[in-house]
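Enquirer: next come a sequence and a model predicted from it.
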Amino acid sequence: MIYLLVYVDDILLIGSNSTLLHRFITLLRSGFKFQDLGSVHFLLGIEVKSTAIGVLLSQYKYTLDVIQREGMAYCKLVDTPLSKLGIMHGTFHSDLTRYKQIVKALQYLTFTIPNICYTINKVC
């Protein structure tokens with residue numbers, strides 16, 4: 001089995017058999033010009049790590065970047081973040097563009113952190 005994932009000009013090729021993968025890459029090279037960058041480490045902001053039991057996907061670096069960008073690196077952690085968000089009191093609505101950027105960044109985190117989906121849905 002081979003999976004060919006394409007996003008704009010990024011391609012990820014995954015397969016269950018390395019011989020089959022190499023044959024497929026050779027076949028692709030006969031019709032297309034491309035560069036093989038080897039094993040995947042990051043794809044679309046998602047870190048990819050191979051482990052003994054499978055593949056681990058993480059957005060740790062992306063999460064830290066969002067936290068730093070929004071000036072929240074030293075914020076106090078809370079058990080129920082929805083009740084603490086500024087949107088409940090109307091404070092985020094003053095800059096709609098910034099609010100949309102933050103929401104978009106948080107939505108992207110739901111790919112690897114599904115337990116925040118409810119809260120992000122409410123924010124949206």
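Expert: Great, that's in hand. Numbering: from 1, shown residues only.
Enquirer: least trustworthy helix or strand in this protein by mean pLDDT?
Expert: For the chain, using mean pLDDT, DSSP states H and E, the weakest element among its helices and strands is helix 81-84, scoring a mean of 56.
Enquirer: check which residues of the very next helix or strand once past that one are buried.
Expert: With elements assigned by DSSP states H and E, the helix or strand that comes after helix 81-84 is helix 96-109. Applying a neighbour-count criterion of 16 or more other Cβ atoms under 10 Å, one finds Y99, I102, A105, L106, Y108, L109 buried in helix 96-109. Placement of C-beta: from N, CA and C, glycine included.
Enquirer: excluding chain neighbours, what is closest to the third one?
Expert: Meaning A105. V66 (4.7 Å; Cβ to Cβ, 6 or more residues apart in numbering).
Enquirer: who are the neighbours in contact with the one you found?
Expert: I102, A105, L106, L109 (Cβ atoms under 8 Å, 6 or more residues apart in numbering).
Enquirer: centroid residue for this structure?
Expert: Nearest residue to the geometric centre of the chain (Cα atoms, centre = their mean): I46, 4.1 Å.
Enquirer: rewinding a little: redo the contacts of V66 as JSON lines? Include distance to C117.
Expert: Output for the contacts of V66, formatted as JSON lines (distance: Cβ to Cβ, whole Å):
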{"residue": "I102", "distance to C117": "16"}
{"residue": "A105", "distance to C117": "15"}
{"residue": "L106", "distance to C117": "10"}
{"residue": "L109", "distance to C117": "10"}
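Enquirer: fine, thanks again, bye for now.
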